[in-house]
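Peer 1: I'd like to go over a predicted model; first the sequence, then the structure.
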Amino acid sequence: MKILISNDDGYLAPGIVALAEAMSHFAEVTIVAPDSNRSGASNALTLDRPLTVQRAANGFYFVNGTPSDCVHIALTAIMQDRPDLIVSGINQGQNMGDDTLYSGTVAAATEAYLFGIPAIAFSQIEKGWAHLDAAARVASDIVQRGFPELPSPFLLNVNIPNIPYANIKGIRKSRLGKRHTSEPVIHMLDPHGRDIYWIGPPGAAKDASAGTDFDTTMKHFVSVTPLQIDVTNTQQLETLKLDFA
């Protein structure tokens, strides 16, 4: 089995190191990740400058671009053979609800999905790596399961509670929850007295009802959400009336 691994926290992040170690026990792995943290990059591709690829002492490739750049370059320039699967992560912090639209972790998996390759994005709830070993073990369990019941390609978003492996109650399929609007930007002055702004933190959960990813992980289950790319509003498409032919 050949697996491509990427992330958005950068090639030095503990999460991708742990994920690569876990996958290497049963698969041939190739790691291509950003050279630095690219959280929130979503599905951006870099089109305004050339990209460079370098290789670290541990064999990881790193790219001065986005997570989507990394997967795109890996599939079209680095790897000789098409991988059977791409895994992205393990992200530091959740990617649930509306966050998936901004997530570089999910975007790396989405890029593979657009190439027709099954993909799984892994994130660990909360900041910090207190129980990263547990998250890596969960990722290994899920990948080896294979999901034979799903048509290929599939795109899965997995969120893992940041607790010891023994305390994880199981795995549940979940739908995406929803958040309130993000908090306001944080206004500051730079050393020269100029206005600068930091994007504020995400809002609280608006829909964390039963069956959502928020609810699932709060109850100490791993959340698995199948995603799709088609964002067409089919209901409005059927009722939309236009004044011209």
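Peer 2: Looks like it came in fine. Everything numeric here is computed off the predicted structure, so don't read it as measured data.
Peer 1: name the helices or strands packed onto the longest helix belonging to the chain?
Peer 2: Secondary structure of the chain per DSSP state H: the longest helix is helix 132-145. Contacts defined by 3 or more C-beta pairs under 8 Å, 6 or more residues apart in numbering; DSSP states H and E place helix 132-145 against helix 14-23, strand 85-92, strand 119-124, strand 155-160, strand 221-226. Using the backbone N, CA and C atoms, a C-beta is placed for each residue, glycine as well.
Peer 1: Same list, those, but as JSON lines with distance to Leu45 and mean pLDDT please.
Peer 2: Output for the helices and strands packed on helix 132-145, formatted as JSON lines (distance: least, C-beta to C-beta, whole Å; pLDDT from 0 to 100):
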{"stretch": "helix 14-23", "distance to Leu45": "20", "mean pLDDT": "97"}
{"stretch": "strand 85-92", "distance to Leu45": "16", "mean pLDDT": "95"}
{"stretch": "strand 119-124", "distance to Leu45": "17", "mean pLDDT": "97"}
{"stretch": "strand 155-160", "distance to Leu45": "18", "mean pLDDT": "97"}
{"stretch": "strand 221-226", "distance to Leu45": "24", "mean pLDDT": "96"}
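Peer 1: was I right about Asp190 contacting Tyr197?
Peer 2: No. Assessed by C-beta atoms under 8 Å, Asp190 is found out of contact with Tyr197, at 10.6 Å.
Peer 1: And the strands in the protein?
Peer 2: 2-6, 28-34, 53-55, 61-63, 85-92, 119-124, 155-160, 170-173, 178-179, 186-189, 195-198, 205-207, 221-226 (DSSP state E).
Peer 1: want to throw the ones you listed into JSON lines with distance to Ala112?
Peer 2: Below are the strands of the chain laid out as JSON lines (distance: least, C-beta to C-beta, whole Å):
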{"stretch": "strand 2-6", "distance to Ala112": "7"}
{"stretch": "strand 28-34", "distance to Ala112": "11"}
{"stretch": "strand 53-55", "distance to Ala112": "17"}
{"stretch": "strand 61-63", "distance to Ala112": "15"}
{"stretch": "strand 85-92", "distance to Ala112": "4"}
{"stretch": "strand 119-124", "distance to Ala112": "4"}
{"stretch": "strand 155-160", "distance to Ala112": "8"}
{"stretch": "strand 170-173", "distance to Ala112": "21"}
{"stretch": "strand 178-179", "distance to Ala112": "26"}
{"stretch": "strand 186-189", "distance to Ala112": "34"}
{"stretch": "strand 195-198", "distance to Ala112": "31"}
{"stretch": "strand 205-207", "distance to Ala112": "28"}
{"stretch": "strand 221-226", "distance to Ala112": "15"}
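Peer 1: No further questions, thank you.
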